[in-house]
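Visitor: coords please:
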Amino acid sequence: RSLHFTQCELQSRMQLHSPWQLELDYTRTMMGFLLFNPAPARIGMIGLGGGSIAKFCHRFLPASHMTVLEINPYVLALRHEFQVPDDDARFQVIAGDGALYLHTEAPHYDVLLVDGFDHDGQPAALCSQPFYDDCLAALPEGGVLVVNLHYDHPDYPVLVERIRRTFNGYAVEVITQEKTNSIVFARKGQAIAPRDLNLRSSLAGLEVAARSELRAELARMLWAMQSLDAGEGA
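Guide: Here you go, the predicted structure:
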């Protein structure tokens, strides 16, 4: 089952028999936050879509509390069609503007995922300098922001620079395998040192199915970050 903005613009896709499976490559890349924090207590996410990442986290990170913001009522109306779990003690979907919520409610997350798009691309409210400043404020020391960006968008370099500016340069870009998206990981108050990241420990707490889903992509990410780090060091 697929979710589209238009006939040509795929937003989300799921297997009916395993709705938690991460069908699109960028969703597996976004789960790379596990390299930085394998067991976050609080996960925030802006943009529900078909709920791929939300369903994966709900199933495989049972100790994590997750809050998802979604502004589009038509997307929310399809929540059960895409088998997004009902709200419970550790999972909540809020109908509302994610940027406004961060600014007015001042929530606190260990990991914050930003994957908010509409038919025109990424809304201006979700990629401004003040928005990224609010993302920083929502994180503790060492907290991780994960942002999905269209790699071929003309404003891509500008948006990455805004994230770097807010996070004092503590950010790294990981281009997805299909090279259509780039996932930016930024850490509050701590440099990102790939040599300190460990694939085995990042996956150790997951079920076998989740490890199988993520191992290859997280290994690719780690290699890419280590190569970049070595190149900068040279």
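Visitor: Run through the bridge partners of the most centrally placed residue in the chain.
Guide: Among the residues of the chain, the one closest to the centroid is Leu113, at 3.6 Å (C-alpha atoms, centre = their mean). Note on Leu113: beta-bridge partners by DSSP bridges are Met45, Val146.
Visitor: thought it was touching Leu139?
Guide: No. Here Leu113 does not reach Leu139: they are 11.7 Å apart, not a contact under C-beta atoms under 8 Å. Where C-beta positions appear, they are placed from N, C-alpha and C, glycine not excepted.
Visitor: Burial check on Ile94, number of neighbours?
Guide: 16 (other C-beta atoms under 10 Å).
Visitor: And it, its phi and psi?
Guide: Main-chain torsions, Ile94, degrees, to the nearest 10: phi -110, psi 130.
Visitor: Double-check that Val184 belongs to a strand.
Guide: Yes. Counting by DSSP: H, G, I helix; E, B strand; the rest coil, Val184 is part of a strand.
Visitor: Report how many residues lie close to Asp87.
Guide: Neighbours of Asp87 under the rule other C-beta under 10 Å: 12.
Visitor: Show the contacting residues for it.
Guide: Val93 (C-beta atoms under 8 Å, 6 or more residues apart in numbering).
Visitor: Could you list the low-pLDDT ranges of the protein?
Guide: Within the chain, the ranges that satisfy pLDDT under 70 run 1-16, 18-19, 119-120, 230-234.
Visitor: Buried residues, stretch 115-131. List them.
Guide: Asp115, Gly116, Phe117, Gln122, Pro123, Ala125, Leu126, Cys127, Phe131 (16 or more other C-beta atoms under 10 Å).
Visitor: doesn't Tyr101 make contact with the last one?
Guide: No. Under the criterion of C-beta under 8 Å, Phe131 is not in contact with Tyr101, lying 11.1 Å apart.
Visitor: Next, show the common contact partners of those two.
Guide: Overlap of the contact sets of Phe131 and Tyr101 (by C-beta under 8 Å, 6+ apart) is empty.
Visitor: can you give me the helices for this structure?
Guide: Assigned by DSSP state H, the chain shows helices spanning 25-30, 52-60, 73-77, 98-105, 129-137, 156-166, 199-203, 208-233.
Visitor: Include distance to Ala186 when you put the ones you listed into TSV, please.
Guide: Formatted as TSV, the helices of the chain follow (distance: least, C-beta to C-beta, whole Å):
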stretch	distance to Ala186
helix 25-30	13
helix 52-60	17
helix 73-77	26
helix 98-105	15
helix 129-137	8
helix 156-166	5
helix 199-203	18
helix 208-233	13
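Visitor: Go through these and name the closest to Val84.
Guide: helix 52-60 (6.2 Å; C-beta to C-beta).
Visitor: Next, the angle from the closest one to helix 208-233.
Guide: Relative orientation of helix 52-60 and helix 208-233, computed by axes from the mean of the first three to the mean of the last three C-alpha atoms, to 10 degrees: 120 degrees.
Visitor: Just give me how far helix 52-60 sits from the chain centre.
Guide: Remark: helix 52-60 is offset 12 Å from the chain centroid, using C-alpha atoms, centre = their mean, to the nearest Å.
Visitor: ok, and what's touching stretch 171-186?
Guide: Stretch 171-186 has contacts (C-beta under 8 Å, 6+ apart) with 25-26, 29-30, 32-33, 36, 144-152, 156, 160, 163-164, 166-167, 170, 187, 192, 217, 220-221, 224-225, 228.
Visitor: Skipping its backbone neighbours, what lies nearest Thr166 in space?
Guide: Leaving aside its chain neighbours, Thr166 sits nearest to Tyr132 (4.1 Å; criterion: C-beta to C-beta, 6 or more residues apart in numbering).
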